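[1] curious how this folds, go ahead:
(one chain, ligands or ions: 1)
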Amino acid sequence: MTSPTEKILILDFGSQVTQLIARRVREANVYSEIHPFDMPAEAIEAFAPKAIILSGGPASVTDPLSPRAPEIVFKLGVPVLGICYGQQTMCEQLGGKVVPGHVREFGRADVTINVKHPLLTDIGALGGTMKVWMSHGDHVGTLPDGFQIIGTSEGAPYAIIVDDARRFYGVQFHPEVAHTPQGAQLLSNFIHLIAGCGRGWSMANYKDRAVADIRAKVGKSQVICGLSGGVDSAVAAVLIHEAIGDQLTCIFVDTGLLRAGEGEQVEKLFRQHYHIKLKVVNASEEFLRKLSGVSDPETKRKIIGATFIDVFDKAASEVGGAEFLAQGTLYPDVIESVSFSGGPSVTIKSHHNVGGLPEKLNFKLIEPLRELFKDEVRALGRELGLPDVFIERHPFPGPGLAIRIPGEITPEKLELLRAADVIYLDEIRGAGLYNDIWQAFAVLTPVRAVGVMGDERSYDYVCALRAVTSTDGMTADYYPFTHEFLGRVATRICNEVRGIGRVVYDITSKPPGTIEWE
Ligand code: XMP
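    Numbering: from 1, shown residues only. Take a look at the predicted model:
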């Protein structure tokens with residue numbers, strides 16, 4: 001196994017975006033680990049970091065009970081970068097002073113660069129500005145001895161501070177978030193130019209390490225893993241299989257709410273290509289029976305979630321003997337809950353991911369993708385040799401086609417939707433547009449409309465097409481297909497799918513719409 005020799009230690013003070021720091025370090029091809037801010041001094045020494053990053057956090061340094069960095073952080077002689085709260089506690093601990101802010105500075109700000117410095121290489125000229133994301137109440141009021149200011153903003157006079165002799169650095173803003181466009185560059189400058197790390201860490205190393213970790217954790221035990229047909233669970237399964245081979249059994253539940261051909265594709269890939277032990281459970285009848293007569297979206301989700309757990313539980317006990325349950329949980333749950341607007345979040349949809357199984361199932365969990373973001377999971381999937389068509393798949397919701405048929409679900413409607421959806425995606429792939437789109441799918445509306453088919457009056461369903469671009473699913477824009485493309489799809493669907501008589505294209509962005517119709 002490749003063992004990283006250059007490691008960055010990230011001490012976490014509880015910011016919701018600490019994982020993004022780790023992500024930026026990975027992007028800079030350097031290994032990092034996140035540990036709690038109170039990591040014992042001996043453990044820090046044993047870790048032997050090339051540099052230390054102190055994250056942001058929700059506490060106020062002016063509160064005497066607020067967390068502090070272990071003193072050893074400032075004694076190891078390695079570069080230290082404090083971000084937001086991390087900057088403030090560093091200042092306080094080194095003899096400076098933090099003052100409570102009268103106004104919270106929250107959101108975009110401009111930092112003026114007033115000293116040329118390696119930390120700001122390729123970021124901006126002297127006197128220029130850097131767009132940053134601020135989120136703080138308190139700020140540094142008096143600098144510790146040895147520090148100087150190299151960047152200021154209106155709300156944060158100590159926006160970027162440095163002590164070159166001791167190699168201590170601090171930023172009041174968040175360089176790790178996308179809202180600070182040059183933040184990744186600043187972090188890369190810290191890691192490469194100041195800490196002197198090379199670029200030795202890649203997804204291939206990440207994979208080797210993950211494999212070794214899984215082996216160490218699982219030992220000789222058995223693991224089961226639920227496959228959803230999506231990228232995340234597929235990558236988790238193949239990674240675990242690489243680690244422990246036949247100690248892994250996958251379970252694939254056919255809910256009857258999948259797209260055309262989905263079940264077969266999963267079987268082919270996992271059983272035939274990877275030779276992974278796979279149990280396929282066809283539970284479509286059970287799902288459809290329980291959903292019959294139900295038209296409320298949230299009730300549908302709850303029924304599907306509960307039924308999935310029952311079916312999976314039964315399948316797992318039939319497999320028997322497993323101590324661990326593997327899940328393809330990604331980091332985005334945290335991202336989803338990060339509310340930059342600061343307001344309490346409300347439930348728009350209970351995102352009942354059928355891959356998410358409750359603790360009561362009594363397994364130990366392994367979640368090898370927990371630290372990764374979607375695009376990194378795709379990169380890992382490539383590293384594991386998963387075919388591109390699988391890796392590039394659009395996200396598919398746990399409740400499947402059930403939330404693409406507003407109103408009651410029947411087997412007939414599911415068939416109509418599958419037929420229309422296949423044509424739509426076939427045309428998208430044919431036009432080479434699939435990878436430009438975040439998600440594309442057909443919706444079978446409960447509306448029927450009059451038409452003429454040959455010489456006869458028809459009265460058939462209206463199918464809606466949806467395609468959106470997005471970076472994270474949180475906001476989205478409709479995809480600007482050409483009229484000619486849309487016309488072709490509409491003609492094919494009406495001609496080839498008996499029961500659909502009209503096609504419309506959904507041009508709603510998110511917000512105000514959501515991506516799915518339910
Ligand atoms: P919305 O419709 O909320 O969707 O804009 C955002 C993303 O989440 C997916 N989605 C779900 N995924 N269970 C899931 O696993 C759900 O209940 C669910 N609802 C929406 C949706 O497909 C999109 O990618």
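[2] what helix or strand does the residue of the stretch 51-200 of the chain found nearest the ligand sit in?
    Nearest to the ligand, among the residues of the stretch 51-200 of the chain, is A178, at 18.0 Å (CB to the nearest ligand atom). In this view, the C-beta of every residue, glycine as well, is placed from N, C-alpha and C. Applying DSSP states H and E as the criterion places A178 outside every helix and strand.
[3] distance of it relative to F373?
    A178 is 11 Å from F373, where distance means CB to CB, to the nearest Å.
[4] who has more neighbours, the two?
    Neighbour count, other CB atoms under 10 Å: between A178 and F373, F373 has more, with 19 against 13.
[5] now that one. Its backbone dihedrals?
    F373 adopts backbone torsions of phi -100, psi 160, taken as degrees, to the nearest 10.
[6] correct me if wrong: Y459 contacts G501.
    Yes. Using CB atoms under 8 Å, Y459 is in contact with G501, at 7.2 Å.
[7] tell me the secondary structure of Y424, please.
    helix (DSSP: H, G, I helix; E, B strand; the rest coil).
[8] can you pull the pLDDT of it?
    Predicted confidence (pLDDT) for Y424: 98.
[9] for L258, same thing?
    At L258, pLDDT is 96.
[10] check contacts around it.
    Counting by CB atoms under 8 Å, 6 or more residues apart in numbering, L258 makes contact with 229, 400-401.
[11] for P67, which non-adjacent residue is spatially closest?
    Distance criterion CB to CB, 6 or more residues apart in numbering; nearest residue to P67, sequence neighbours excluded, is F37 at 5.0 Å.
[12] that neighbour and the ligand, how far apart?
    Separation of F37 from the ligand (CB to the nearest ligand atom, to the nearest Å): 33 Å.
[13] next, count neighbours for E496.
    12.
[14] which of the residues in the helix or strand harbouring R418 are buried?
    Under the criterion DSSP H and E, the helix or strand holding R418 is helix 411-430. Buried residues in helix 411-430, counted by 16 or more other CB atoms under 10 Å: 413-414, 416-425, 427-428.
[15] TSV for the residues you listed, including distance to the ligand?
    Shown next, in TSV, are these (distance: CB to the nearest ligand atom, whole Å):
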residue	distance to the ligand
K413	19
L414	17
L416	20
L417	15
R418	17
A419	20
A420	17
D421	13
V422	18
I423	20
Y424	16
L425	15
E427	20
I428	16
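[16] now, which of those residues sits nearest G146?
    Checking the buried residues of helix 411-430 against G146 with CB to CB, the nearest one is I428 at 59.0 Å.
[17] all helices of the chain, in order?
    For the chain, applying DSSP state H gives helices covering 18-27, 41-47, 85-93, 183-188, 203-218, 231-244, 262-267, 284-291, 297-319, 332-337, 374-383, 388-391, 411-430, 483-496.
[18] what angle sits between the fifth one and helix 231-244?
    With axes from the mean of the first three to the mean of the last three CA atoms, to 10 degrees applied, the angle from helix 203-218 to helix 231-244 works out at 70 degrees.
[19] next: the first one.
    What separates the directions of helix 18-27 and helix 231-244 is an angle of 60 degrees, with the same axes, to 10 degrees.
[20] and helix 18-27, average pLDDT?
    Average pLDDT, helix 18-27: 92.
[21] give the residue farthest from the middle of the chain.
    Within the chain, D455 marks the point farthest from the mean C-alpha position, 51.9 Å out by CA atoms, centre = their mean.
[22] residue contacts, that residue?
    D455 neighbours (CB under 8 Å, 6+ apart): none.
[23] cool, A431 as well?
    Shown in contact with A431 (CB under 8 Å, 6+ apart): F485.
[24] ranking helices and strands of this protein by mean pLDDT, which lands last?
    helix 332-337 (a mean of 44; mean pLDDT, DSSP states H and E).
[25] list, one by one, the residues from the stretch 401-518 of the chain near the ligand.
    Contact residues (CB under 6 Å from any ligand atom) of the stretch 401-518 of the chain with the ligand: 439, 473, 510, 514-516.
[26] just the buried residues of these.
    439, 473, 510, 515-516.
[27] sitting in strands, which of those do you find?
    Judged by DSSP state E, strands contain the following of those: Q439.
[28] could I get the buried ones among the residues of the stretch 401-518 of the chain next to the ligand as a markdown table with pLDDT and distance to E6?
    Formatted as a markdown table, those follow (pLDDT from 0 to 100; distance: CB to CB, whole Å):
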| residue | pLDDT | distance to E6 |
| --- | --- | --- |
| Q439 | 96 | 38 |
| G473 | 80 | 34 |
| K510 | 89 | 41 |
| I515 | 95 | 40 |
| E516 | 96 | 43 |
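[29] and of the buried ones among the residues of the stretch 401-518 of the chain next to the ligand, the nearest to G198?
    Nearest to G198 among those, with distances taken as CB to CB, is G473, at 34.8 Å.
[30] related to what we said a few turns ago, can you name every helix or strand that the helix holding R418 contacts?
    If you count contacts as 3 or more CB pairs under 8 Å, 6 or more residues apart in numbering; DSSP states H and E, helix 411-430 packs onto strand 439-453, strand 456-469, helix 483-496, strand 500-505.
[31] and the third one, what's buried?
    The neighbour-count criterion (16+ other CB under 10 Å) identifies 485-486, 488-490, 492-494 as the buried residues of helix 483-496.
[32] follow-up on the earlier one: hmm, who's touching the helix holding R418?
    256-257, 259-261, 288, 401, 404-405, 434, 437, 440-444, 461, 463, 465, 467, 485, 488-489, 492-493, 496-497, 499-500, 503.
[33] what's the ChimeraX line that selects buried ones from those residues?
    Here is the ChimeraX command that picks out the buried ones among the contacts of helix 411-430, judged by 16+ other CB under 10 Å:
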select :256,257,259,260,288,401,404,405,434,437,440,441,442,443,444,461,463,465,467,485,488,489,492,493,497,499,500,503
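[34] can you map out the strands along the stretch 101-250 of the chain?
    In the stretch 101-250 of the chain, the segments counted as strands under DSSP state E, counting those that start in this stretch are 105-113, 129-136, 139-142, 148-152, 160-163, 168-171, 222-227, 248-254.
[35] got the contact list for Y478?
    Here Y478 is in contact with 466-468, 505-509 (criterion: CB under 8 Å, 6+ apart).
[36] for it, name its beta-bridge partners.
    Beta-bridge partners for Y478, by DSSP bridges, are V468.
[37] now the stretch 51-200 of the chain, which segments are flagged as low pLDDT?
    Counting by pLDDT under 70, the ranges of the stretch 51-200 of the chain that qualify are 102-103.
[38] now with 90?
    Scanning the stretch 51-200 of the chain for pLDDT under 90 picks out the ranges 100-108, 124-126, 135-139, 154-157, 178-179, 200.
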